[in-house]
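*Asks:* quick check, what structure comes out for this input:
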Amino acid sequence: MGDLINLKQVKKRIAREDASKQAETNRARFGRTKGERKRDELHAQRSGNALDQHRIDDETSA
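*Replies:* Presented below is the predicted three-dimensional model:
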């Protein structure tokens, strides 16, 4: 005779596994630490400042 299974438990387990897979996908797509975000922000700011320092204005050169 086969083993008895509770369908509610099986459905809940499948739902948890699906949610876990979705969470892992979202972490890969959107997950960045606060330090990484701050580092990227500083990098963009420094790049912008360096570009502005090398700008040649037409009014001052004429």
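
*Asks:* report the longest helix in the protein, please.
*Replies:* Looking only at the chain and at elements set by DSSP state H, the helix with the highest residue count is helix 7-30.

*Asks:* and stretch 15-24, how far from the chain's centre?
*Replies:* Its chain's C-alpha centre lies 17 Å from the corresponding centre of stretch 15-24 when counted by Cα atoms, centre = their mean, to the nearest Å.

*Asks:* I'd like the average pLDDT over the longest helix of the chain.
*Replies:* For helix 7-30, the mean pLDDT works out to 95.

*Asks:* export that helix as PDB, just CAs?
*Replies:* The C-alpha trace of helix 7-30 is given here as PDB (Å, rounded to 0.1, in the frame of the first residue of the first chain):
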ATOM      1  CA  LEU A   7      -2.100  17.700  -0.500                       C
ATOM      2  CA  LYS A   8      -2.200  21.000   1.500                       C
ATOM      3  CA  GLN A   9       1.300  20.400   2.700                       C
ATOM      4  CA  VAL A  10       2.600  19.600  -0.800                       C
ATOM      5  CA  LYS A  11       1.000  22.700  -2.200                       C
ATOM      6  CA  LYS A  12       2.500  24.800   0.500                       C
ATOM      7  CA  ARG A  13       5.900  23.300   0.000                       C
ATOM      8  CA  ILE A  14       5.700  24.000  -3.800                       C
ATOM      9  CA  ALA A  15       4.600  27.500  -3.200                       C
ATOM     10  CA  ARG A  16       7.500  28.100  -0.800                       C
ATOM     11  CA  GLU A  17      10.000  26.700  -3.300                       C
ATOM     12  CA  ASP A  18       8.600  28.900  -6.100                       C
ATOM     13  CA  ALA A  19       8.800  32.000  -3.800                       C
ATOM     14  CA  SER A  20      12.300  31.100  -2.900                       C
ATOM     15  CA  LYS A  21      13.300  30.800  -6.600                       C
ATOM     16  CA  GLN A  22      11.600  34.200  -7.300                       C
ATOM     17  CA  ALA A  23      13.400  35.800  -4.400                       C
ATOM     18  CA  GLU A  24      16.800  34.500  -5.600                       C
ATOM     19  CA  THR A  25      16.100  35.900  -9.100                       C
ATOM     20  CA  ASN A  26      15.100  39.300  -7.600                       C
ATOM     21  CA  ARG A  27      18.300  39.400  -5.400                       C
ATOM     22  CA  ALA A  28      20.400  38.800  -8.500                       C
ATOM     23  CA  ARG A  29      18.600  41.500 -10.500                       C
ATOM     24  CA  PHE A  30      18.100  44.200  -7.900                       C
END
